[in-house]
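In: heads up, no residue letters with this:
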């Protein structure tokens, strides 16, 4: 086995623009990637289709899709049909408080499954595409949360007890959306197969007007690029 | 609403002796209890039957059973049929290293669901029956792990960001099995409806010889009590 293939990482792969970029970065470093996605009561399945395409495009070792039922808990526009996804919000509205698209403890649950998989596969790293710039309203996207998670993970696991612990790697955490898109484009990410929209139509075409679409479209525009995702209308 | 009913707690209820005692303690304090159990690829379903009986006996507000698939990750005698549950181990064997009955990241995953439920139900406490005495080999049963989890949870959640954070309460962590049984007996726990055995027969009768049975039987004996659980033979 060659040197570059010895390091293994678990990557949380949602199928969105950010996790696609994280995957490309890890593969560019020569990491063996175990991709982990979740079916968690999203109101649509387009993200998972994107995750499968990305996993194939970047030649991962395996791609696991774990069913988890966050929907039983309710409480978010992304999992509970009683809430409506907000559209056409301006910057002050997007920056205000914790958004309704926040899913309770989502990253904590996702990371916990990643931790289990890291133990079983003897991977020392978990990579995820959290971002403290565009998602400042989500408590579980902040650097201090990630640092606390890593410390907890060190104490939670065999690796932590018997070896050096598991690193939580967040290469995008301080990048703007424009910088993420620039980095991913340089690494050959086909953003046409990623999915970001919170409220797509039945064919999976993006709405242009939810927070995720607004941020994404701005990021491509800032790079002088056209977003290759399919949009409605 | 009376004063005593205003505090709400999420309780991780496995159906075992320890979580039954934690439930009894919380109800004795007048807490409203949201019980949370998991179907996680255990090789038997007797624990969940016990959890349902305990939830009813202690009049919880709700009892949620969440399906999670730890079995896909393998790696433990409790979820992977390729491993055998060890029997008739002596104290030195039980005390040695991390046992094969350890499930990767189990408490971390369970607590993460509890955290999501705590957010949605606006509960400020999560109670669980971890114990650092009998389960010293499990990294995720130690006080330093619990403290790190609480700090991570504070940073992960709306409660943590906007209010005082969520407390992780572990009333049994420094108790011996005999002390746990003494406390629960005083609170009226019917240990006959709890289940501890790692390797029961098809009718749910306990084996007497796995680590869990050995520790449990000793705990009753130390109190001069007979374990009311059903045993084989």
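Out: Structure received. Model, not experiment: these values are computed from the prediction.
In: so what does the lengthiest strand in chain A touch, helix or strand wise?
Out: Taking DSSP state E as the assignment, the strand of chain A that covers the most residues is strand A:32-39. Helices and strands touching strand A:32-39, by 3 or more Cβ pairs under 8 Å, 6 or more residues apart in numbering or on different chains; DSSP states H and E, are strand A:8-12, helix A:17-28, helix A:46-57, strand A:62-67, helix A:106-121. Any C-beta I mention is one placed from the backbone N, CA and C, and that applies to glycine too.
In: can you list the strands that that strand pairs with?
Out: Strand A:32-39 has these partner strands in its sheet, going by DSSP bridges: strand A:8-12 (parallel), strand A:62-67 (parallel).
In: and of these, who's closest to residue B:157?
Out: Across the strands paired with strand A:32-39, the minimum distance to residue B:157, taken as Cβ to Cβ, is reached by strand A:8-12, at 18.9 Å.
In: what angle sits between the closest one and helix A:106-121?
Out: Going by axes from the mean of the first three to the mean of the last three Cα atoms, to 10 degrees, strand A:8-12 is angled at 150 degrees with respect to helix A:106-121.
In: now do strand A:8-12: distance to the chain's middle.
Out: When C-alpha coordinates are averaged (Cα atoms, centre = their mean, to the nearest Å), strand A:8-12 and its chain have centres 12 Å apart.
In: tilt between it and helix A:17-28?
Out: Using the same axes, to 10 degrees, one finds that strand A:8-12 and helix A:17-28 are set 170 degrees apart in direction.
In: hmm, who's touching strand A:8-12?
Out: For strand A:8-12, the surrounding residues in contact (Cβ atoms under 8 Å, 6 or more residues apart in numbering or on different chains) are A:19, A:22-23, A:26, A:31-37, A:60-61, A:110-111, A:114, A:117-118, A:121-129, A:169.
In: so for it, mean pLDDT?
Out: The pLDDT scores in strand A:8-12 average 97.
In: could you check the angle that strand makes with helix A:46-57?
Out: With the same axes, to 10 degrees as the basis, strand A:8-12 and helix A:46-57 are set at 160 degrees to each other.
In: any stretches of chain A with poor pLDDT?
Out: Counting by pLDDT under 70, chain A contains low-confidence ranges at A:1-5, A:41-44, A:71-72, A:74-84, A:94-102, A:134-136, A:159-164.
In: hang on, the earlier thing: give me the contact list for the longest strand of chain A.
Out: Counting by Cβ under 8 Å, 6+ apart, the neighbours of strand A:32-39 from elsewhere in the structure are A:5-15, A:23, A:26-27, A:45, A:47-48, A:51-52, A:54-55, A:58, A:60-68, A:110, A:113-114, A:117, A:121, A:123.
In: buried ones among these?
Out: Applying a neighbour-count criterion of 16 or more other Cβ atoms under 10 Å in any protein chain shown, the buried members of those are A:8-15, A:23, A:26-27, A:47-48, A:51-52, A:54-55, A:58, A:60, A:63-64, A:66, A:68, A:110, A:113-114, A:117, A:121, A:123.
In: from what I see, residue A:172 and residue A:143 are in contact.
Out: No. Under the criterion of Cβ atoms under 8 Å, residue A:172 is not in contact with residue A:143, lying 11.5 Å apart.
In: between those two, which one's more packed in?
Out: Looking at residue A:172 and residue A:143 with other Cβ atoms under 10 Å in any protein chain shown, you find the greater number of neighbours at residue A:172, namely 25 against 13.
In: what's the distance between residue A:6 and residue A:26?
Out: With distances defined as Cβ to Cβ, to the nearest Å, the gap from residue A:6 to residue A:26 amounts to 14 Å.
In: contacting residues around residue A:45?
Out: When the contact criterion is Cβ under 8 Å, 6+ apart, the partners of residue A:45 are residue A:39.
In: export the helices and strands packed on strand A:32-39 to TSV and tack on distance to residue B:187?
Out: Output for the helices and strands packed on strand A:32-39, formatted as TSV (distance: least, Cβ to Cβ, whole Å):
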stretch	distance to residue B:187
strand A:8-12	42
helix A:17-28	48
helix A:46-57	46
strand A:62-67	37
helix A:106-121	31
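In: residue A:199 is nearest to which of the ones you listed?
Out: Residue A:199 sits nearest to helix A:46-57 of all the helices and strands packed on strand A:32-39, at 10.7 Å, using Cβ to Cβ.
In: state the distance from the closest residue to residue A:125 other than its chain neighbours to chain B.
Out: Residue nearest to residue A:125 in three dimensions, not counting chain neighbours: residue A:9, with 4.2 Å by Cβ to Cβ, 6 or more residues apart in numbering or on different chains. Applying Cβ to the nearest Cβ, to the nearest Å, one obtains 16 Å for the distance of residue A:9 from chain B.
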